[in-house]
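**Student:** have a look; sequence and predicted model below, questions after that.
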Amino acid sequence: MKDFPIKSFWLLVALQLVVLGGIIGQRMLLLKTGHPVMLQCVPIDPRSLLSGDYVILRYKISDLGGLNGNKFNLFQEKFVRNQKVYVALMRKAGARFHEAVAVSGDFARLKKLYPLVIRGTIVSPWALSIRYGLESYFVPQFQGKAIEKEMSNVHVEVAVAENGDSGLRKLFIRGKEVKFR
């Protein structure tokens, strides 16, 4: 009976390692196999000094305009704050960046019309502002401010999986990949 608490402890440790390994493995698989999408960043207000060494990213696909008569809201849906939504992305011939072309709360309906769909969350239904979980990018100490100064020249490569999951792959300034040592 004395061995039971020790066995239980090691079983719990092993279970936690399996779960953590699964989460990391799933993310690595997404970044390796997801469809590469280039997104253009737009400038935002500078972050506070207490935020740490990361840059806050904002994308052209983050603000799709108001709901009334919105060209992106093909199905005339009513959205609410914190609702999960899906945004169809397309890249015009000869264009460098993907752009939003439609938004819906129904993934299957949107996926039938467009092959590339990214998942997000409504921040403001009236402005149709969407957060994708790609808005923070951690950088080495003391490099965040320099990147923020160049924000109008920043874009990113994002991996988008078939189910709409996404992850940030690379950061570029003026077309050159930023490599951290």
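**Tutor:** Yep, it's here.
**Student:** may I have the secondary structure class of the most centrally placed residue in the chain?
**Tutor:** By C-alpha atoms, centre = their mean, the chain has its centre lying nearest to Leu134, at 3.1 Å. Secondary structure, DSSP: H, G, I helix; E, B strand; the rest coil: Leu134 is coil.
**Student:** what does the model give it for pLDDT?
**Tutor:** On pLDDT, Leu134 comes in at 91.
**Student:** hmm, Leu168 and it touching each other?
**Tutor:** Yes - assessed by C-beta atoms under 8 Å, Leu134 is found in contact with Leu168 at 5.2 Å. For every residue, glycine as well, the C-beta is placed using N, CA and C.
**Student:** list the contacts of stretch 82-94.
**Tutor:** 37-38, 61, 64, 72, 79, 97-107, 110-111, 113-114, 116-122, 125, 130, 160, 164 (C-beta atoms under 8 Å, 6 or more residues apart in numbering).
**Student:** what about the helices in this structure?
**Tutor:** Remark: helices assigned in the chain by DSSP state H are 3-33, 107-113, 144-149.
**Student:** so what's the gap between the longest one and the chain middle?
**Tutor:** Here the centre of helix 3-33 is set off from its chain's centre by 25 Å, with C-alpha atoms, centre = their mean, to the nearest Å.
**Student:** same check on the second one?
**Tutor:** Using C-alpha atoms, centre = their mean, the mean C-alpha position of helix 107-113 is found 19 Å from that of the whole chain.
**Student:** show me what counts as buried in it.
**Tutor:** Leu110, Lys111 (16 or more other C-beta atoms under 10 Å).
**Student:** packing partners of that helix?
**Tutor:** strand 84-90, strand 99-104, strand 117-124 (3 or more C-beta pairs under 8 Å, 6 or more residues apart in numbering; DSSP states H and E).
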